[in-house]
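[1] need the 3D shape of this:
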Amino acid sequence: MKKINIFDLEKFKRDLYAGQQLNGRVYKKYAQDIEEYLLQLDHFPHQVFQVYLDILNSSYMTQVHGVYHFFKQLYFDFEKLSPVQRYQLKSVINRCLERPLDNNLELWLLEINQNRF
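    Model prediction:
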């Protein structure tokens, strides 16, 4: 019997939206947990995708070291995005790249923008 990995989306959102900067290792661990969860799915869940858009729409979050881990993983799970999600992501990334970003996040967003659309 295959073990199903459960991802606690509500805890993730509470931690992320708490208004305190989390350690980069915490972001990396969440990104890994999401990756394990996504391995079981054929599509990228809307609720998780919405959190990613919220991160990109936040001028605070896009300057926090460690959030790039989510987009590094997203780069490798791009085929699970729906056409609508891809359109939304491209639009948000283009706006996001017009303002100051954490260096690693900027690199991964440029990589997505240049090689996935």
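[2] shaky segments in the chain?
    1-6, 19-21 (pLDDT under 70).
[3] and the helix or strand hosting Val92, what does it pack onto?
    Element membership of Val92 [criterion: DSSP states H and E] is helix 83-96. Applying 3 or more C-beta pairs under 8 Å, 6 or more residues apart in numbering; DSSP states H and E, one finds that helix 83-96 contacts helix 46-57, helix 103-115. Backbone N, C-alpha and C define where each C-beta goes, glycine included.
[4] could you rerun that using 10 Å?
    With contacts defined as 3 or more C-beta pairs under 10 Å, 6 or more residues apart in numbering; DSSP states H and E, the packing partners of helix 83-96 are helix 46-57, helix 68-76, helix 103-115.
[5] any chance of these in CSV with distance to Arg25 and mean neighbour count as columns?
    Shown next, in CSV, are the helices and strands packed on helix 83-96 (distance: least, C-beta to C-beta, whole Å; neighbours: other C-beta atoms under 10 Å):
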stretch, distance to Arg25, mean neighbour count
helix 46-57, 17, 16
helix 68-76, 9, 20
helix 103-115, 14, 16
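[6] go through those and name the closest to Leu16.
    helix 46-57 (6.6 Å; C-beta to C-beta).
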